[in-house]
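1. sharing a model that was predicted from the sequence below.
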Amino acid sequence: MMTIEMRRRDAAEPAGEDASVPPRAGRASFRAERDALPRTGVDVPFPDAVRRERDDAEWNAAVPAAGPAASSPPQNTNHAQLLTRTQPSAQEGPMSQEAKISVSNFDFYYGTAKVLHGINLDIPDRKVTALIGPSGCGKSTFIRSINRMNDIIPDARASGSITIDGQDVYGGDADVVELRRRVGMVFQKSNPFPKSIYDNVAYGLRIGGMRNKRQLDEIIERSLTRAALWHEVKDRLHASALALSGGQQQRLCIARALAVDPEIVLMDEPASALDPIATSKIEELIYELKDNYTIVIVTHNMQQAARVSDRTAFFMLGRLIEYAETNEIFMNPKEKMTEDYVTGRFG
Amino acid sequence: MIVQRHFDKDIDELKHLLLRMGAMVEDAMARSIKALLERDSGLAEEVIANDDEIDRMEVLIDQKTIELIAKMQPAASDLRFVATIMKITPELERIADLAQDVCERAIELNREPLLRPLVSLPQLAYGAQAMVRDALNSFVRGDADLARRVITQDDNVDALTESSFRSLLTYMLEDARNISSAIRLTFIGKYFERMADGATNICEMVVYLVEGKMIKHTATSAAAK
């Protein structure tokens, strides 16, 4: 630690305190130092208690019936304890906007293991919503639930509801094939078929019964253009997709997803296996796609979430801890756990 | 699990540097008041000479802050902390410059006969000094309530500045030979008033640091007054 002669008269005492403070205790040592200072004003603990009081007041005002949420807030960083708090609701102030995807009381189980606990959130139309959280927090399970990709896992089971434009995804009359057309998906590792670039993009269309060559050409050009890949591949559409670079393969997968004209695109860590240049291309692409599509993206890269998304949902241990405008999450999160995660103190 | 962050060390270091700069500024302010009230030109010269060190401190803190942003991309409370440091540092530097100005005027005053009494000027100086001290305290403790109270005191300082000006005006009207000194003292009153404004700006940033609310130029800021 830097030793600095404290010249402030009323701050002179704590200089000798350094010995009693454990070395490299980070913020804690500052708290101790601050607390040792003589106080002239009213004592207000910094800053958690201040924030908690305010939050609880706001929370009570926003949700009058929320009994458990107002229970005395924990003062320490015991995350397990914090998890017992009632989760905040998704809609508040500027957050309320017509939802494309609406999730309520959604639980998910792998066998007997409950991996998602009562998730409630509304994902707005034509915006980018980022899901962040430490590994194993359930964000991938959650995103895969939206287009029922988890159906193929034995013993997997869901309860609660996810609706898209008011239609229940898990309803008895739901058409899973149609659902997956409306809700496209891009994975962490690009997975082009061992076919030509053209055939990759045409695949979904042909399965859907499209045979008209001119129509196919048109949609393929449009999809590749939207995926910002057209100019790089237009002269070799019939070359193998596997000859493309990793970033190009990923954009090809995005083009393939766009070809069937989805309304929603789910992206599960779409850039985590890419170099920074390819990553920035994908991010630019996401930014442009949101004019036409509702995008939900899972990312481990918090700066990426901050850059591309309009809203951010923070998950931990299968629970939705906080969901707010991205600016709020990264500048002034309400929950201590979110704060610890986005500042890299936790996770 | 809780991660020990290398970042905390950088933040602590920045905070130490800012506290040190704050101590230097408070010191300059206290000595400028003493030099003025006790007509001590030697002390005034010292304050003027020390200002370079405060300027160097400002440059150092700026450098460290920019490095931290480049390397760490701070978020949430870290981001607000870094933003606060960047806004507070120039305020402190300006307060030190004003203390230096007080000393320059004090030296000039010492070449002229003493104009007595100085009426509300010492009160004004001590008021501004208290505001700067409490502003720094509110930062150190992360005490937004104290910061808000400091902001409300700015009006008292403004009133004292006005009252000091009126008395000095009376001296000038009474005897034209007083004008030179009275004008210098009017300047000094304005310098202290500006220092109090600096303290107010620091306090507004402290509220932002603690609560994430920008109260600058808002109804909240006016209400706090």
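-> Looks like it came in fine.
2. and the residue most central in space within chain A, which of the three is it?
-> Residue closest to the average C-alpha location in chain A (C-alpha atoms, centre = their mean): A:Leu131, at 1.0 Å. A:Leu131 carries the three-state label strand when classified by DSSP: H, G, I helix; E, B strand; the rest coil.
3. what segments of chain B are helices?
-> B:6-37, B:41-72, B:76-110, B:121-141, B:144-174, B:179-211, B:219-224 (DSSP state H).
4. of all these, which lies closest to A:Met185?
-> Comparing the helices of chain B against A:Met185 with C-beta to C-beta, the closest turns out to be helix B:76-110 (30.5 Å). (Glycine included, C-beta is placed from N, CA and C.)
5. pLDDT of that closest one, averaged?
-> Mean pLDDT, computed over helix B:76-110, is 96.
6. so for the host helix or strand of A:Ile220, what gets flagged as buried?
-> Assigned by DSSP states H and E, A:Ile220 belongs to helix A:213-226. By 16 or more other C-beta atoms under 10 Å in any protein chain shown, the buried positions in helix A:213-226 come out as A:Leu216, A:Ile219, A:Ile220, A:Arg222, A:Ser223, A:Leu224, A:Arg226.
7. likewise for stretch B:97-110?
-> B:Asp97, B:Leu98, B:Ala99, B:Gln100, B:Asp101, B:Val102, B:Cys103, B:Glu104, B:Arg105, B:Ala106, B:Ile107, B:Leu109.
8. least confident secondary structure element in chain B?
-> Scoring the helices and strands of chain B by mean pLDDT, DSSP states H and E places helix B:219-224 at the bottom, with a mean of 56.
9. look up phi and psi at the residue of the stretch 201-347 of chain A found nearest chain B.
-> Of all residues in the stretch 201-347 of chain A, A:Asn332 sits closest to chain B, at 3.0 Å by C-beta to the nearest C-beta. For A:Asn332, the backbone dihedrals (degrees, to the nearest 10) come out as phi -150, psi 70.
10. which residues touch the residue lying closest to it once chain neighbours are set aside?
-> In space, and not counting its chain neighbours, A:Asn332 is closest to B:Gly212: 3.0 Å by C-beta to C-beta, 6 or more residues apart in numbering or on different chains. For B:Gly212, the contacting residues are A:Met331, A:Asn332, B:Arg80, by C-beta atoms under 8 Å, 6 or more residues apart in numbering or on different chains.
11. give me the contacts around stretch A:133-140.
-> So stretch A:133-140 is in contact with A:108, A:115-116, A:131-132, A:268, A:298, A:300, A:313-319, A:321, A:341, A:346-347, going by C-beta under 8 Å, 6+ apart.
12. let me fix that: stretch A:104-113
-> Under the contact criterion C-beta under 8 Å, 6+ apart, stretch A:104-113 has outside partners A:114-120, A:138, A:141-142, A:145, A:150, A:153, A:155-162.
13. buried set for that stretch?
-> Those buried within stretch A:104-113 under the rule 16+ other C-beta under 10 Å are A:Phe106, A:Phe108.
14. cool, and stretch A:228-237?
-> Quick answer for stretch A:228-237 (16+ other C-beta under 10 Å): A:Ala228, A:Leu229, A:Trp230, A:Glu232, A:Val233, A:Leu237.
15. next one: stretch B:34-52
-> Using 16+ other C-beta under 10 Å as the test for burial, stretch B:34-52 gives B:Ala35, B:Leu36, B:Asp40, B:Ser41, B:Leu43, B:Ala44, B:Val47, B:Ile48, B:Asn50, B:Asp51.
16. so which of the contacts of stretch A:133-140 belong to helices?
-> Those of these lying in helices (DSSP H): A:Tyr341.
17. need the CA coordinates for stretch A:262-281. CSV is fine.
-> Extracted C-alpha coordinates of stretch A:262-281, given in CSV (Å, rounded to 0.1, in the frame of the first residue of the first chain):
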residue,chain,number,x,y,z
PRO,A,262,-37.7,-15.0,-38.0
GLU,A,263,-39.1,-12.4,-35.7
ILE,A,264,-36.8,-13.2,-32.8
VAL,A,265,-33.1,-14.1,-33.0
LEU,A,266,-31.6,-15.8,-29.9
MET,A,267,-27.8,-15.7,-29.7
ASP,A,268,-26.0,-17.9,-27.2
GLU,A,269,-22.5,-16.3,-26.9
PRO,A,270,-22.3,-15.6,-30.6
ALA,A,271,-18.9,-14.0,-30.4
SER,A,272,-17.1,-15.8,-27.6
ALA,A,273,-15.0,-17.9,-30.0
LEU,A,274,-14.1,-15.1,-32.3
ASP,A,275,-11.2,-12.7,-32.5
PRO,A,276,-11.7,-9.0,-31.7
ILE,A,277,-12.2,-7.9,-35.3
ALA,A,278,-14.8,-10.6,-36.0
THR,A,279,-16.4,-9.8,-32.7
SER,A,280,-16.8,-6.2,-33.5
LYS,A,281,-18.4,-7.2,-36.9
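18. pLDDT averaged over it - what is it?
-> pLDDT averaged over stretch A:262-281 gives 91.
19. do stretch A:203-216 as well
-> Here the average pLDDT along stretch A:203-216 is 92.
20. what's in contact with it?
-> Contacts for stretch A:203-216 (C-beta under 8 Å, 6+ apart): A:Arg181, A:Phe193, A:Lys195, A:Ala202, A:Ile219, A:Arg256, A:Ala259, A:Val260.
21. only the buried subset of those, as a ChimeraX command please.
-> In ChimeraX, this line selects whichever of these come out buried by 16+ other C-beta under 10 Å:
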select /A:181,202,219,256,259,260
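22. what are the contacting residues of whichever strand or helix holds A:Glu284?
-> With elements taken from DSSP H and E, the one containing A:Glu284 is helix A:276-289. With contacts defined as C-beta under 8 Å, 6+ apart, helix A:276-289 is touched by A:128, A:226-228, A:245-248, A:250-251, A:254, A:258, A:265, A:267, A:270-271, A:274, A:295, A:297, A:304, A:307-308.
23. mind checking which of those residues land in helices?
-> Among the contacts of helix A:276-289, the members falling in helices (DSSP H) are A:Arg226, A:Gly246, A:Gly247, A:Gln248, A:Gln250, A:Arg251, A:Ile254, A:Leu258, A:Gln304, A:Arg307, A:Val308.
24. closest one of those to B:Val150?
-> Closest to B:Val150, out of all of those and judged by C-beta to C-beta, is A:Arg307, at 37.0 Å.
25. with adjacent residues omitted, what lies nearest to that closest one?
-> Leaving aside its chain neighbours, A:Arg307 sits nearest to A:Glu283 (6.0 Å; criterion: C-beta to C-beta, 6+ apart).
26. residues near the one you found, how many?
-> 18 (other C-beta atoms under 10 Å in any protein chain shown).
27. before we move on, what about A:Ile282?
-> A:Ile282: 23 neighbours (other C-beta under 10 Å).
28. please tell me how far it sits from A:Cys253.
-> 11 Å (C-beta to C-beta, to the nearest Å).
29. B:Glu45 too?
-> Separation of B:Glu45 from A:Cys253 (C-beta to C-beta) stands at 73 Å.
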